[in-house]
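Visitor: Sequence plus the predicted model coming up.
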Amino acid sequence: MGTKGFKEKYQAQEHKQASYPPTVATQTFTLNTGAKIPAVGLGTWQSPPGEVAKAVEHALRTGYRHLDCAFVYGNESEVGLGIRRALETGICKCEDIFVTSKLWCTYHRRAEECLDEGLKRLGLEYVDLYLMHWPVPMNPQGNHPLQLKLEDGSRDLDTEWSHVQTWKEMEGLVKSGKTKAIGVSNYSVKFLEELLPQCEVVPSVSQVENHPYLPQGELSEFCRGRGNLIEAYSPLGSTGSPLFEEEGVKEVARKHGVGEGTVLISYQVARGHVVLPKSVTPSRIEDNLKIVKLDSADVDLGFPDKQ
């Protein structure tokens, strides 16, 4: 969308009402463990304190069965509360919910400790997927448990520990039963090339920022043949992103009779990616679960100048 000739191509078509009306996303993908993961999940990054539990409960009531969480988000206790409320009111069963959490950088030497703390906050016995949030070990004895900086403002890194060593620790978490699968987040091809030859357990997913301005084509192609599913966070672009104003996005939205957000979320699913839109607004939570089937022309978003 937005490339030269894209607008003309769509103007040459008769924009009828969508052949595939928006439907609640029930599609799943299969991890390399054989487990099913819902294609659309509720992201909880930067969700305001005091609103997360209601958002999670509403999402589960609406039909979501996939929740994406992390230690560093600081709201896993609220996520856990939302899950408990949903279970207590019979909205769903615990085993029906796919929950992801993430290992924070200051815990690279203490992977099991970080997971145990998360499980306690979430009120769960295990998570379905546990990710290394960044391949960046940080000083576990630094001046802050989350954001460590030296006096000069640089990051307080743990230079005597590697992300490969962390992965070995995480492989033990699968054997313990505290997580059903493990994966990585914010990894580039370079880091995956370092990690994969050392793996006993191949990462199930790579979670990265992904949208038409940042399609991650090289990474997607690299992961495709290695049993490593892409998960897209920030699928609508960053705060203030002009994606909703891209003429190509608008054209596809008009073609299918849906909003621009639906197009951007459906784009990820059509590419074979799990997608993690976030919101605490009930109506938007509901809308984000509705997707349309995009054809090849819709998916050919292009943006060659932004690859």
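Guide: On my side now, so go ahead. Nothing here was measured: the structure is a model prediction, and the numbers come from that model.
Visitor: Which element, helix or strand, includes P203?
Guide: Applying DSSP states H and E as the criterion places P203 outside every helix and strand.
Visitor: now the closest residue to it other than its chain neighbours, which residues is it bridged with?
Guide: Excluding its sequence neighbours, the residue lying closest to P203 (CB to CB, 6 or more residues apart in numbering) is G183, at 4.5 Å. Backbone N, C-alpha and C define where each C-beta goes, glycine included. On the basis of DSSP bridges, G183 takes part in beta bridges with L131.
Visitor: Pull the number of nearby residues for G183.
Guide: Applying other CB atoms under 10 Å, we find 25 residues neighbouring G183.
Visitor: what sits against it?
Guide: Contact analysis of G183 by CB atoms under 8 Å, 6 or more residues apart in numbering lists L129, Y130, L131, M132, P203, S204, V205, S206, Q207, N228, L229, E231.
Visitor: Check it and give its pLDDT.
Guide: Per-residue pLDDT puts G183 at 98.
Visitor: which element is V56 on?
Guide: helix 52-62.
Visitor: helices or strands up against that helix?
Guide: Judged by 3 or more CB pairs under 8 Å, 6 or more residues apart in numbering; DSSP states H and E, helix 52-62 is in contact with strand 42-43, helix 76-88, helix 282-288.
Visitor: Of all the residues in the last one, which ones are buried?
Guide: To tie it back to what came earlier, the one meant is helix 282-288. For helix 282-288, burial by neighbour count (16 or more other CB atoms under 10 Å) applies to I285, E286, D287, N288.
Visitor: cool, and the longest one?
Guide: Neighbour-count burial for helix 76-88, counted by 16+ other CB under 10 Å, picks out E76, E78, V79, G80, L81, G82, I83, R84, R85, A86, L87.
Visitor: Could I get the phi/psi values of E251?
Guide: phi -60, psi -50 (degrees, to the nearest 10).
Visitor: Could you tell me how many residues sit around it?
Guide: Counted with other CB under 10 Å, residues neighbouring E251 total 21.
Visitor: same thing with the one 5 residues further on?
Guide: In terms of burial, H256 registers 24 neighbours under the definition other CB under 10 Å.
Visitor: Okay, it and V269: tell me how far apart.
Guide: 13 Å (CB to CB, to the nearest Å).
Visitor: where along the stretch 1-150 of the chain do the strands fall?
Guide: In the stretch 1-150 of the chain, the strands defined using DSSP state E, counting those that start in this stretch lie at 23-24, 28-30, 36-38, 42-43, 66-68, 98-103, 129-132.
Visitor: Any idea how far stretch 224-242 is from the middle of the chain?
Guide: 7 Å (CA atoms, centre = their mean, to the nearest Å).
Visitor: again with stretch 292-302
Guide: With CA atoms, centre = their mean, you get 21 Å for stretch 292-302.
Visitor: oh, and call the first residue 720 from now on, that's how I've got it
Guide: In the new numbering, first residue 720, that becomes stretch 1011-1021.
Visitor: hey, C-alpha coordinates of that stretch in CSV?
Guide: The C-alpha trace of stretch 1011-1021 is given here as CSV (Å, rounded to 0.1, in the frame of the first residue of the first chain):
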residue,chain,number,x,y,z
VAL,A,1011,-11.2,-9.9,6.7
LYS,A,1012,-9.7,-12.2,4.2
LEU,A,1013,-7.2,-10.2,2.0
ASP,A,1014,-6.3,-11.2,-1.5
SER,A,1015,-2.8,-11.1,-3.0
ALA,A,1016,-3.2,-7.6,-4.2
ASP,A,1017,-4.2,-6.4,-0.7
VAL,A,1018,-1.3,-8.1,0.9
ASP,A,1019,1.2,-6.7,-1.6
LEU,A,1020,1.8,-3.6,0.6
GLY,A,1021,5.2,-2.9,-0.9
